[in-house]
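Participant: model this:
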Amino acid sequence: MDLPKAFLFQNRLLRTLSDSDLALIMPHADRVPLHVRQVLETAHQKIEYVYFLESGLGSVMAGKESGSAIEVGMFGRDGMSGTSLVQGDTESPFDCIIELEGDAIRISTEDFENAMRQSASLKNLMARYAHALGIQTTYTAWANAEITLEQRLARWILMVNDRIDDHHFRVTHEFIAMILGVRRAGITVALKLLEMRLLIKIQRREIFVLDWQGLIDLTKGGYGPAEVEYNRLIQTSTYSPVIGRSPAAV
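Facilitator: Sure, this is the predicted structure:
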């Protein structure tokens, strides 16, 4: 028996689509590499393309007039850029950049909007994902206001871990500091504290997750609710990885 066409993809949204919905997208799509700090969207400018990440990590960044910015949303193979298009807008109030390199299935805004006009099921799935990302953004705002930097960092590491194949990743202290909107020195201290708790290991500039449950407990509820809502909204399929599972369960 032939496998569904969706099985060819790592992106969970693409895997969830029916063959008929995929047929509306794929003739207009191509696979492109993604590089660290690559800009996918610029705030208040027209969105040119939608990216369904197959690997790597994207970050939605809210900026200030002073030039500083902070991450308000994260996505990888669980999602896509361009959620403003699903909500009837042609631009985003936020920047969108690449945190970890990878690759993506890219489709132009015009072709994506045409596909949604032709399929209610496609538009419905995209709308559910946009809602799930909004829930994640809400919990990120709560975490930024209510828990410590060490706890926020634990939550961020868990969210990255959900979206990569291996349970370790390379990223600079400077980049984490930019993402979390804090000073580099604070990140260095927080990472050392997590390592002293035996929750992570840092080796050769890579972060290794050692104790998934311990990291969750440290976040004091900052990690978990948004992940549950994602899995509810983007119904689990036979071929799709689940956001929020421990390394041993993947």
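
Participant: can we go C-alpha only for contacts and neighbour counts from here?
Facilitator: Will do.

Participant: the helices in this protein, which residues?
Facilitator: 12-16, 19-25, 83-86, 109-118, 120-146, 149-162, 173-180, 184-196, 212-218, 225-233 (DSSP state H).

Participant: show me what contacts residue 137?
Facilitator: Contact analysis of residue 137 by CA atoms under 8 Å, 6 or more residues apart in numbering lists 72-73.

Participant: so for it, what's the pLDDT?
Facilitator: If you check residue 137, the pLDDT there is 96.

Participant: gap between it and residue 12?
Facilitator: Remark: distance between residue 137 and residue 12 (CA to CA, to the nearest Å) = 19 Å.

Participant: on that earlier part again, residue 41 is nearest to which of the helices of the chain?
Facilitator: Among the helices of the chain, helix 83-86 comes nearest to residue 41, with 10.7 Å by CA to CA.

Participant: mind listing residues that contact the closest one?
Facilitator: Taking CA under 8 Å, 6+ apart as the rule, helix 83-86 contacts 90-92, 109, 113, 123, 126-127, 130.

Participant: before we move on, what about stretch 214-227?
Facilitator: Outside stretch 214-227, the residues within contact range by CA under 8 Å, 6+ apart are 132, 135-136, 139-140, 142-143, 147, 151-152, 154-155, 158, 199, 243-244.

Participant: and stretch 84-103, how far out from the chain's middle?
Facilitator: 11 Å (CA atoms, centre = their mean, to the nearest Å).

Participant: correction: stretch 68-77
Facilitator: Worked out by CA atoms, centre = their mean, stretch 68-77 lies 7 Å from the chain centre.

Participant: what sits up against that stretch?
Facilitator: Here stretch 68-77 makes contact (CA under 8 Å, 6+ apart) with 10-12, 52-63, 133, 136-137, 140-141, 159, 163-164, 178-181.

Participant: pull out the buried members of those residues.
Facilitator: Applying 16 or more other CA atoms under 10 Å to those, the neighbour count classes 10-12, 52-63, 133, 136-137, 140, 159, 163-164, 178-180 as buried.

Participant: stretch 30-49 spans what distance, first to last residue?
Facilitator: Using CA to CA, the end-to-end distance of stretch 30-49 comes out at 11 Å.

Participant: pull out the buried residues from that stretch.
Facilitator: 34-35, 40-43, 47, 49.

Participant: show me the beta-bridge partners of the residue nearest to the spatial centre of the chain.
Facilitator: Residue closest to the mean C-alpha point of the chain, counted by CA atoms, centre = their mean, is residue 75 at 1.0 Å. With DSSP bridges applied, residue 75 shows beta-bridge pairing to residue 58.
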